[in-house]
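S.K.: the amino acid sequence is not available; the structure is as follows:
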């Protein structure tokens, strides 16, 4: 039997779980965080005094694949939640691990991309593009890394049998964070990579 | 809820049963693994389309509009289905939308004021 | 604590922690304070710490005023002046007003909504320890140069730290790094607090307390918390940009590589304007509680005051450019923001009118809390009026960067926020100490502070319009500024004297003060229904709320003319019969104490120090943070504990 999302263990005035409310507030506030970083990127787009420029460096096919990987990790994440909501601990574990692996794959892609750009002469200090690009995607990558840590922690804890159907909220919260990190990438991929000056 | 409502609904016992009933009904509308996989497929397809039109050589304006629409669609699908906002209590949506709209408005104005290019 | 620890190789550590926690579970001793998750204790710690910083910032102010008492005074050199000036501003905003507001959020919110604690008690403790860490980190900067030969290492860029002054090129040395990292740490504390209070207020109200039956202070806490969670991320990004520019040669504000220093101003004020409403809304909330109580009348136009608060919250996002009229953004931007800034005066005015209408026809009890509250209304209105003159673009062109601005913001932040916070002290501290402050001394404090305050800051309107710029370490004679500066300095020392009187009063009252009892002010709201000081579980039975000002309605009904008549059986001693007795009287489970919030909080200043001096420390700090967070997450919880 699926557990209704957000039902509180203790009674709350809104009937909603404290931690789930907290997570949504956090995601709302993160919109301001990433909004600021994206705004800085957009402000300085096209204003670098020297190269290298985005057009010189971007490998759209490569980045598309890594964007696809992150999107698919959202699918596996929601499948992990669906599993535990149905009491399927084994299924949840498999999908959690899959999500973490896909996340790591994405991060490897980022690391590879950063190294490539660096070899082509782009660093944090080179020009405005280097500054805004690395800071924006760097913070996003840091968020993904934290997400992977959370997923692996959940996975480890579940190996000890401490995540059962009644604890599905923990997976749900991790999922909300993970999906958010994914939708931020949807925005970044479009605004930074696909829509170039 | 108020104490009055709590009593009217029959106290803790009745509430739990109510919850179960609601969950059972809820389960009907709740997307299952198959629906999630389907949404995943759509997301992948949209991404493919985005990359394809990138290479099509459209005018800049057209490209931008198309890409914004497509990415907004992906964004919404993940938020509404994967993050379950479509089925959850409206308070969660309010919190998120508040932050999102605030960010969108404030930075649009900021960029306009400083003379940045939005797209 | 029923959860079993998993049998891992960490069993020894688990046992040790459990033992330590049992020690901390006693309600005495320093360990019980270090591991406390009780909102009342956390509130007291916030209050004491913030008050100490208030004295620090006050001494800094006295140093500045001494330097400016006469032209070319020679007390401080320009470098020392800049550093003390920066620290005065930064301290007062981030280490005094915000945490004093946080103290009241902590002390009062659960009591006013009929809860036993906040939604996330450990997160609450974490907020306090991070604040303390940030405050210490910031002040340690003074000592990073040769303090004994008068070289101060504190930041010297002003509390707004504009670019390009803040760049490595123009501010070599570590001062600005301490500022940026210190404020960043403080931001984390505020952010956590914001989340906590929103969830607490939305989710933990007593049965029957709908949103429109909440005390107005709770409403202002809610609006402020929303402002915090949306504004702090913006300054966080701005600070990261500054830190990356300085430490890693990024180009956010580097004009040589095409960067725009104005970006800093935009980011800072995008945060900064909501920030000033974060500073004032809690104070408005306090006053909105005191005026009705001491007028023996309900708050006039409660829905209007609520909606004005919400309106101010929204509109605060649309006015930031009024800090930048003179930066050359053009007439369109200036006009648009000029209009929005004029408009934001409207909801503020609505509040002032409602406060006045509350007092009108009331039976005024002019005890110390009421004096400070009325003082707030008057002083804040003056500050608001000078604010209106700032909103008009052409007049602001004359006022920008002069002492007129200094006058304006001190009227709203000192005459406003600080007066209201003192009102809150006199009003609410007795609930937690169990002792009333001496009212006679309170009256002396009030009048001396009112006179001193006006003597200090009113002349600044004049010297500002006579052209005296801000942030100058001295001035030459013959410009017409001398007399105004002299008066300001005399005023400043008058304020200091009044604060000393308050301190004496506070210490005296702790020992010999009159017992406060449950309800010393014939109050209206739930906090007055419990003993002073409250038991650690707050309410024996969670109250059921039937109306706004629920306690007042229990004590009084009204006659035909609307005058209050005491209810015969109405008592201040809890509620008989009614009440959501969730534990059947078998002992109330409160959240367990925890050391992990403190451990996690320590990670931040260690990382910050590492970023300035030695990157290895960054790894150490991160490790401490991780240990703190993992311990926190895996700790066995009590049934009342969420996170």
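M.R.: Received the coordinates, thanks. Please read all numbers here as calculations on a predicted model, not as lab measurements.
S.K.: quick one: least confident helix or strand in chain A?
M.R.: helix A:54-57 (a mean of 93; mean pLDDT, DSSP states H and E).
S.K.: so what's the gap between it and the chain middle?
M.R.: Distance of helix A:54-57 from its chain centroid, counting by Cα atoms, centre = their mean, to the nearest Å, is 24 Å.
S.K.: and what of stretch C:531-547?
M.R.: On Cα atoms, centre = their mean, the centre of stretch C:531-547 falls 25 Å from the chain's centre.
S.K.: ok, that stretch near chain A or not?
M.R.: No. Judged by Cβ under 8 Å from any Cβ of the partner chain, stretch C:531-547 and chain A are separated, with a smallest distance of 10.6 Å. C-betas here are computed from N, CA, C, even on glycine.
S.K.: just the endpoints, please. Distance across that stretch?
M.R.: 22 Å (Cα to Cα, to the nearest Å).
S.K.: go ahead and confirm residue A:144 touches residue A:106.
M.R.: Yes. Residue A:144 is in contact with residue A:106 according to Cβ atoms under 8 Å; the separation is 6.3 Å.
S.K.: overlap in contacts, the two.
M.R.: residue A:70 (Cβ atoms under 8 Å, 6 or more residues apart in numbering or on different chains).
S.K.: please name the nearest non-neighbouring residue to residue 117.
M.R.: No chain in the question, so chain A it is. Once flanking residues are discounted, residue A:117 sits nearest to residue A:57: 5.2 Å by Cβ to Cβ, 6 or more residues apart in numbering or on different chains.
S.K.: looking at chain C here, not the other one
M.R.: In space, residue C:117 is closest to residue C:39, 5.2 Å off (Cβ to Cβ, 6+ apart).
S.K.: quick one, phi/psi of residue C:565?
M.R.: Per-residue torsions, residue C:565: phi -120, psi 130 (degrees, to the nearest 10).
S.K.: look up which residues are beta-bridged to it.
M.R.: Counting by DSSP bridges, residue C:565 is bridged to residue C:557.
S.K.: isn't it right next to residue C:557, touching?
M.R.: Yes. Under the criterion of Cβ under 8 Å, residue C:565 makes contact with residue C:557 at 5.6 Å.
S.K.: rewinding a little: can you report how many residues lie near the residue nearest to residue A:117?
M.R.: Neighbour count for residue A:57, taken as other Cβ atoms under 10 Å in any protein chain shown: 17.
S.K.: and it, how close does it get to residue A:195?
M.R.: According to Cβ to Cβ, to the nearest Å, residue A:57 and residue A:195 sit 16 Å apart.
S.K.: near chain B, which residues of the stretch 251-400 of chain C?
M.R.: C:260, C:262, C:263, C:266, C:270, C:317, C:318, C:321, C:329, C:333.
S.K.: Throw those residues into JSON lines and include neighbour count, thanks.
M.R.: Putting these into JSON lines (neighbours: other Cβ atoms under 10 Å in any protein chain shown) gives the following:
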{"residue": "C:260", "neighbour count": "21"}
{"residue": "C:262", "neighbour count": "19"}
{"residue": "C:263", "neighbour count": "21"}
{"residue": "C:266", "neighbour count": "29"}
{"residue": "C:270", "neighbour count": "25"}
{"residue": "C:317", "neighbour count": "19"}
{"residue": "C:318", "neighbour count": "18"}
{"residue": "C:321", "neighbour count": "24"}
{"residue": "C:329", "neighbour count": "19"}
{"residue": "C:333", "neighbour count": "19"}
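S.K.: narrow those residues to those in helices?
M.R.: Within those, residues falling in helices by DSSP state H are C:262, C:263, C:266, C:270, C:333.
S.K.: tell me, how many residues neighbour the residue nearest to residue C:367 when sequence neighbours are not counted?
M.R.: Spatial nearest neighbour of residue C:367, chain neighbours left out: residue C:439 (5.5 Å); criterion: Cβ to Cβ, 6+ apart. Neighbour count for residue C:439, taken as other Cβ under 10 Å: 16.
S.K.: appreciated, that's everything.
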